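Visitor: Let me see the structure of the following:
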Amino acid sequence: MTFAKITRLGTLRTWMMAAAVLLAGTGVCAQAAKPAVTKKAAPPATRPKLVMMIVVDQMRADYVDKFRGQWTGGLKRLVDEGAWFRAAAYPYAATETCPGHATISTGAFPASHGMVANAWWDRDAQKMMTCTSDPNVKNTAYAGGTTKGGDSARWMLFPSYAEELKFQTGGASRVVTFSLKARAAITMAGHKADAATWFDTGTGAWVTSSAYGTMPFIEDFAKKHPVTEDYGKTWSLSLPQSSYWYDEKALGASTVEGWGASFPHPLRGKEGGSSPDQIFLEQWVVSPFADTCLTKMAEAAVDSLGLGKSGATDYLGVSYSTVDYVGHTFGPRSWEIQDILVRLDEDLGELFTHLDQKVGRENYVVALTGDHGVAPIPVDMQRTGFDANVLSLPELKNRMEKALEPFNYTKPAIAHIAGNEVYFSQGVYGQLKQDPTAMKALLDAALTMPGMAAVYRGEELSTGNKTSSQARTAAELSYYAGRSGDLYVLQSSYWLTDSSAEGSKRYTGTGHGTPYYYDQRVPVLLMGFGIQPGEYFDAITPADIAPTLGALTGVTLATHDGRVLSESLQKHPAKK
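Guide: Numbers count the residues shown, from 1 in each chain. Here you go, the predicted structure:
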């Protein structure tokens with residue numbers, strides 16, 4: 001072996017020995033070295049920890065297009081970060097609060113879930129009955145307040161998404177809802193819930209019923225933050241006057257006692273009063289302070305119950321009623337409706353920030369929609385040159401009664417007209433169906449009334465036959481035998497119906513409840529867990545919200561009227 005080879009070998013042995021010493025010093029065995037362990041990332045959550053349902057009562061879809069540039073809080077975040085369905089509308093005629101909320105919560109239409117109106121004529125009792133009235137339960141007021149009657153979801157024929165969620169998780173999910181209106185809080189919750197709470201404007205108390213039971217945190221909130229603490233506050237403009245679109249005084253607007261026709265609007269009750277009174281309570285529900293109170297109650301529910309931390313998916317529903325009260329009074333073309341949405345945007349911004357902190361931004365999903373839209377105030381619409389007016393229901397009733405006089409029918413032949421529903425006295429309509437001459441005289445009398453567009457017979461609406469008339473189809477989707485009227489009367493577009501007695505008509509303010517697009521079209525906005533942001537233009541309905549939430553949370557619903565909005569759900573690659 002040459003000297004050069006010996007030298008190289010010696011050098012190699014020296015290097016290997018040094019390396020062994022180095023490895024031994026680091027505690028690593030050269031002969032049994034193991035590869036470094038890489039920790040796997042935790043798998044993504046398969047379901048949201050909290051579902052947040054928000055309904056803005058009387059939220060027209062075009063409000064988003066018109067006013068979004070003035071929003072900086074929660075409404076802006078929903079539009080910017082969420083899935084915005086721009087062609088959402090109810091396909092039925094009964095565009096009111098109770099049918100709307102029941103449709104949102106069940107995924108069904110009124111012809112299926114049975115909540116055909118805010119109230120309907122009880123043919124047996126011969127009187128009007130609200131959609132949540134229940135003589136088998138008793139309402140209870142918080143914080144020593146008073147209330148009366150009993151309310152539940154007994155007339156809703158399908159369970160809500162929220163109660164299906166609770167049932168299908170074995171009771172692990174908590175369900176909590178709030179609103180100023182019983183028919184909103186109750187239909188969002190369903191037949192059973194951990195808490196369903198609403199406001200009694202007549203007494204100023206927060207209320208629930210024995211169908212749901214009371215919750216200590218609501219009792220504590222009602223005591224610490226009574227509505228009366230807002231007495232003396234003033235609803236003033238949130239933006240510079242130049243930011244408002246319409247006339248300072250809305251043409252044809254109604255009035256709130258103690259308020260003028262324009263801003264500011266003080267919450268001081270009856271003029272000359274010095275303490276909270278009934279007028280103050282009526283002012284409060286038409287003010288942004290009511291929305292803020294509901295927001296604070298929702299935050300208290302998150303904190304007190306630990307919503308989003310139960311291990312199952314919890315449900316929090318809030319229906320903001322004030323936009324509806326403001327819209328009825330001042331109309332959709334008013335400073336008041338524009339300003340109340342600015343204030344709601346601020347409240348929702350605060351609520352979402354609270355959820356970010358307590359639940360986690362990535363752990364909850366929000367759905368926001370409206371329960372119906374609203375028509376322009378008729379006298380305001382008349383400025384465009386369009387035929388807009390008010391159809392008097394007492395006058396309609398008189399015309400129809402006179403048309404039947406030659407046929408010797410029982411008087412009164414008509415028991416009641418509620419909105420667009422005509423209910424005949426017991427036995428009368430059965431006779432009319434066998435008397436084509438009298439029926440024709442009756443229908444002709446109705447159809448020749450100024451402002452009348454169509455009259456549909458109940459037995460026609462129950463057939464389910466396809467027609468080319470969108471109005472007829474809408475009436476069919478609202479019809480439920482036994483609750484709906486014997487006739488459905490439809491006024492012309494931009495006409496309202498009025499039930500006030502002859503000689504005392506007050507054609508101010510506005511309303512809703514028709515199959516016209518201004519009443520049917522609402523926004524649908526989804527944001528958060530599992531949602532693919534963007535703008536979507538396919539036609540959908542608010543009945544699609546519940547099935548979509550069901551898809552996100554693994555909940556199966558009873559109905560099939562709505563569909564899963566799969567286009568807005570994030571797509572995950574299949575596991576190999």
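Visitor: give me the low-pLDDT residue ranges for this structure?
Guide: Along the chain, the model assigns pLDDT under 70 to residues 1-44, 464-466, 502-506, 573-576.
Visitor: give me that answer again for 80
Guide: In the predicted model, the chain carries pLDDT under 80 at residues 1-45, 463-468, 501-507, 560, 572-576.
Visitor: Pull the contacting residues for the closest residue to Gly373 other than its chain neighbours.
Guide: Closest residue in space to Gly373, ignoring its immediate chain neighbours: Arg60 at 4.2 Å, by CB to CB, 6 or more residues apart in numbering. In this view, the C-beta of every residue, glycine as well, is placed from N, C-alpha and C. Residues near Arg60 by CB atoms under 8 Å, 6 or more residues apart in numbering: 332, 370, 373-374, 518, 521-522.
Visitor: do you know how far Arg60 is from Gly317?
Guide: According to CB to CB, to the nearest Å, Arg60 and Gly317 sit 21 Å apart.
Visitor: next one: Phe537
Guide: 27 Å.
Visitor: and these two? which has more neighbours close in?
Guide: Neighbour totals were compared for Phe537 and Gly317, and Gly317 leads with 30 against 9 (other CB atoms under 10 Å).
Visitor: That one should be in a strand, yeah?
Guide: Yes: Gly317 forms part of a strand when assessed by DSSP: H, G, I helix; E, B strand; the rest coil.
Visitor: ok, the contacts of Arg60 vs Val285, which is closest?
Guide: Taking CB to CB as the measure, Val285 lies nearest Val374 of these, at 16.8 Å.
Visitor: Can you classify the closest one by secondary structure?
Guide: Val374 is classified as coil under three-state DSSP.
Visitor: For stretch 500-512, measure first residue to last.
Guide: Using CA to CA, to the nearest Å, the end-to-end distance of stretch 500-512 comes to 16 Å.
Visitor: try stretch 308-325
Guide: Stretch 308-325 end-to-end distance (CA to CA) = 32 Å.
Visitor: Can you point out the buried residues in it?
Guide: Using 16 or more other CB atoms under 10 Å as the test for burial, stretch 308-325 gives 308-309, 312-325.
Visitor: I'd like the distance between Thr556 and Ala388.
Guide: 45 Å.
Visitor: Which one's more surrounded, these two?
Guide: Shown here are Thr556 and Ala388; by other CB under 10 Å, Ala388 has more neighbours (22 against 9).
Visitor: tell me the contacts of that one?
Guide: 376, 378-379, 381-382, 494-495.
Visitor: distance of it from Ala375?
Guide: 8 Å.
Visitor: any common contacting residues for these two?
Guide: With CB under 8 Å, 6+ apart as the test, Ala388 and Ala375 both reach 381, 494.
Visitor: surely Ser493 meets Gln520?
Guide: No: taking contacts as CB atoms under 8 Å, Ser493 lies outside contact range of Gln520: 11.9 Å.
Visitor: out of those two, which sits in the busier spot?
Guide: Gln520 (24 against 19).
Visitor: these two touch, right, the more buried one and Pro91?
Guide: Yes: Gln520 is within contact range of Pro91, at 7.2 Å (criterion: CB under 8 Å).
Visitor: From the contacts of Ala388, pick the one nearest Ala125.
Guide: Nearest to Ala125 among the contacts of Ala388: Trp495, at 30.9 Å, using CB to CB.
Visitor: Now do that closest one against Leu487, distance only.
Guide: Relative to Leu487, and taking CB to CB, Trp495 is found at 17 Å.
Visitor: again, but for Ser287
Guide: To Leu487, Ser287 is 39 Å away according to CB to CB.
Visitor: And the contacts of the helix or strand Ala453 falls within?
Guide: Applying DSSP states H and E as the criterion places Ala453 in strand 452-457. Identification of contacts with strand 452-457 by CB under 8 Å, 6+ apart yields 391, 396, 443, 446-447, 469, 471-472, 475, 486-493.
Visitor: Check stretch 277-294 too.
Guide: Contacts of stretch 277-294 (CB under 8 Å, 6+ apart): 178-180, 199, 201-202, 204, 225, 227-228, 230-231, 233, 235, 256-259, 265-270, 273, 318, 320-322, 325-326, 329, 339-340, 343-344, 347.
Visitor: Which ones among those map onto helices?
Guide: Those of the contacts of stretch 277-294 mapping onto helices are 322, 325-326, 329, 339-340, 343-344, 347, per DSSP state H.
Visitor: Of the residues you listed, which is the nearest to Thr510?
Guide: Thr329 (8.7 Å).
Visitor: do you know how far that closest one is from Asn118?
Guide: Per CB to CB, Thr329 is found 17 Å from Asn118.
Visitor: same check, this time on Leu237
Guide: On the measure of CB to CB, Leu237 and Asn118 end up 32 Å apart.
Visitor: Between the two, tell me which one has more neighbours.
Guide: Taking other CB under 10 Å, Leu237 and Asn118 do not tie; Asn118 has more neighbours (20 against 17).
Visitor: Contact partners for that one?
Guide: Counting by CB under 8 Å, 6+ apart, Asn118 has contacts 96-99, 130-131, 183.
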